[in-house]
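[1] Need a 3D model of the sequence below.
(chains A, B, C and D)
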Number of protein chains: 2
Amino acid sequence: MDRKKSAGAPRNKALSKQKIMDAVEKILIEKSFTALKVNDIAAVAGLDKKLIYNYFGGTDQLLDEYIHSKDFWSNVKNDAVPAGITDGGKAFVQERLLSQFEYVANDQAFQKILLWRLSEQREALEKLTASQEAAGEALLENITDPHFGDRAEHFRAVMAILISSAYYLNLYASVNGSTFCGIDLSKAEGRESIRRALSFLVDSVYQKP
Amino acid sequence: MDRKKSAGAPRNKALSKQKIMDAVEKILIEKSFTALKVNDIAAVAGLDKKLIYNYFGGTDQLLDEYIHSKDFWSNVKNDAVPAGITDGGKAFVQERLLSQFEYVANDQAFQKILLWRLSEQREALEKLTASQEAAGEALLENITDPHFGDRAEHFRAVMAILISSAYYLNLYASVNGSTFCGIDLSKAEGRESIRRALSFLVDSVYQKP
DNA sequence: TAATTTTGTCACTATCTGGTGACTTGTGTG
DNA sequence: CACACAAGTCACCAGATAGTGACAAAATTA
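    Model (predicted):
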């Protein structure tokens, strides 16, 4: 019988680093950022914790690297604002808002990171915030600010309200599947009500005052 | 020279319990719910941790008792819905929404509990949620549902959006004093923009479709 | 295949954390 | 005052957690 070239798992730094990063995400999703301890990360990765120190310098640096590795707004950034907009960006804003609402609902890692950002100050998270702001700025500055003129700030405030509620309601729905203002966020019809209301509120702000 | 009747601090169970509860709140506000460890609570209270076990049964029961001791919606409940409403509750809803926005901004313990509720499942927190829902239900059921008729669900969805954003934006402002959609939530003018937008959106939903 | 480097494991220490039994100190009562 | 009980302290244990030095095993190179 042939002798395997190596008895144990193949040794590969890049792969091991990836396993460790994956373990971080798994724990983050299944537990929370407070559960991200060296021992547990190493155990989930199936590797020795020493490697976390060797490859990343420590848990903190590992977490930073994990956060940096996620670019949640790349799709938004690449999703170039279409040319020839004649409605002041209304349809585009509506579409993006609803897709953001769905995105948050479906990406558990993103949910946990939103929560993390509300709970802890961390340079990597602030950088994420900055990148998020930058991603939205293209749309706001080039399309909606000109369209709304001296009501630009008002429009931005409305968008802040709508986006933040899309975040909060999804975070809320994920812990206690319970209801908010009598709307059941765990049910399809409840979520549909929210979606319609989001659209309606965008309509409202685009309506001439 | 006179001999004091007692050398150490006076012994008083009720007072000690209060000191422990106060320590919980202090740590909750200054750090977060993840920092609520027996040793630290006892240290801040200036008492031995054994008392936490003697008086409350353990950290968990202590935290439950702390949460139950706060009744954040008592004001809302007692703030009876005024009689003789002719505008479908619009002015009242607007007033309550804005006061809620300010309340969250100013009560740090409440902020931390909102965050806690998004982060952990805990019976005491779910009870808080139930009490919150109940407090709002009086207004929704008696005033706005009848006024909106078959648009009642729509109105509730809008309110869910507005209230949740009032929560999120304040939580967001408390960690990184940074901006959201270009609105600086740490500045008075930024907050004023949000307040105006909240009012505007209530106006919108009350406008005949 | 021998030497060297890289990759990985293990055992160990130190510190933090929750929890408890034995004790001391104060308070009120006969 | 002597006693009993309540209030509070302390020392200690067990388990979790972070971090590291010494070593083993695989891969690479000569």
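
[2] for the helix ranked longest in chain A, which positions count as buried?
    Among the segments of chain A that qualify as a helix by DSSP state H, the longest is helix A:152-175. By neighbour count on 16 or more other C-beta atoms under 10 Å in any protein chain shown, the buried set for helix A:152-175 is A:152-175. Just so you know, the C-beta spots here come from the backbone N, C-alpha and C atoms, and that holds for glycine as well.

[3] hmm, the lowest-mean-pLDDT helix or strand in chain A touching chain B?
    Scoring the helices and strands of chain A by mean pLDDT, DSSP states H and E places helix A:74-78 at the bottom, with a mean of 73. No: Helix A:74-78 lies apart from chain B when judged by C-beta under 8 Å from any C-beta of the partner chain; the minimum separation is 13.0 Å.

[4] how about that helix as CSV, C-alpha atoms only?
    Taking C-alpha atoms only, helix A:74-78 is exported to CSV below (Å, rounded to 0.1, in the frame of the first residue of the first chain):
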residue,chain,number,x,y,z
SER,A,74,-18.2,47.5,-2.6
ASN,A,75,-21.4,46.5,-4.4
VAL,A,76,-22.8,50.0,-3.7
LYS,A,77,-19.7,51.7,-4.9
ASN,A,78,-19.4,49.7,-8.1
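
[5] Please identify which helix or strand holds the residue nearest to the spatial centre of chain A.
    Among the residues of chain A, residue A:110 comes closest to the average C-alpha position under C-alpha atoms, centre = their mean, at 3.4 Å. Applying DSSP states H and E as the criterion places residue A:110 in helix A:108-119.

[6] Show me what that helix is packed up against.
    Judged by 3 or more C-beta pairs under 8 Å, 6 or more residues apart in numbering or on different chains; DSSP states H and E, the packing partners of helix A:108-119 are helix A:13-30, helix A:90-106, helix A:123-139, helix A:152-175, helix B:108-119, helix B:152-175.

[7] so which of those comes closest to DNA strand C?
    helix A:13-30 (3.3 Å; C-beta to the nearest atom of the strand).

[8] Is that closest one in proximity to DNA strand D?
    No: using C-beta under 7 Å from any atom of the strand, helix A:13-30 stays clear of DNA strand D, coming no nearer than 10.0 Å.

[9] Can that helix be said to contact chain B?
    No: judged by C-beta under 8 Å from any C-beta, helix A:13-30 and chain B are separated, with a smallest distance of 12.5 Å.

[10] Output the contacting helices and strands for the next helix or strand along the chain from that helix.
    As assigned by DSSP H and E, the chain's next helix or strand after helix A:13-30 is helix A:38-45. With contacts taken as 3+ C-beta pairs under 8 Å, 6+ apart, helix A:38-45 sits against helix A:13-30, helix A:50-56, helix A:59-69.

[11] how far does the longest helix of chain A sit from the chain's center?
    Remark: helix A:152-175 is offset 13 Å from the chain centroid, using C-alpha atoms, centre = their mean, to the nearest Å.

[12] How about that helix and chain B, touching?
    Yes: under the criterion of C-beta under 8 Å from any C-beta, chain B is reached by helix A:152-175 at A:153-154, A:156-165, A:167-169, A:171-172, A:175.

[13] CA-only coordinates of that helix in PDB, if you can.
    In PDB, the C-alpha atoms belonging to helix A:152-175 read as follows (Å, rounded to 0.1, in the frame of the first residue of the first chain):
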ATOM      1  CA  ALA A 152     -30.800  68.900   0.300                       C
ATOM      2  CA  GLU A 153     -30.100  68.700   4.000                       C
ATOM      3  CA  HIS A 154     -33.700  67.800   4.600                       C
ATOM      4  CA  PHE A 155     -33.500  65.000   2.100                       C
ATOM      5  CA  ARG A 156     -30.400  63.700   3.700                       C
ATOM      6  CA  ALA A 157     -32.100  63.700   7.100                       C
ATOM      7  CA  VAL A 158     -34.900  61.700   5.700                       C
ATOM      8  CA  MET A 159     -32.500  59.200   4.200                       C
ATOM      9  CA  ALA A 160     -30.700  58.900   7.500                       C
ATOM     10  CA  ILE A 161     -34.000  58.000   9.100                       C
ATOM     11  CA  LEU A 162     -34.900  55.500   6.500                       C
ATOM     12  CA  ILE A 163     -31.500  53.700   6.300                       C
ATOM     13  CA  SER A 164     -31.100  53.700  10.100                       C
ATOM     14  CA  SER A 165     -34.500  52.100  10.500                       C
ATOM     15  CA  ALA A 166     -33.600  49.500   7.900                       C
ATOM     16  CA  TYR A 167     -30.700  48.600  10.100                       C
ATOM     17  CA  TYR A 168     -32.500  48.700  13.400                       C
ATOM     18  CA  LEU A 169     -35.500  46.800  12.400                       C
ATOM     19  CA  ASN A 170     -33.400  44.000  11.000                       C
ATOM     20  CA  LEU A 171     -31.200  43.800  14.100                       C
ATOM     21  CA  TYR A 172     -34.300  43.800  16.200                       C
ATOM     22  CA  ALA A 173     -35.900  41.100  14.200                       C
ATOM     23  CA  SER A 174     -32.900  38.900  14.600                       C
ATOM     24  CA  VAL A 175     -32.900  38.600  18.300                       C
END
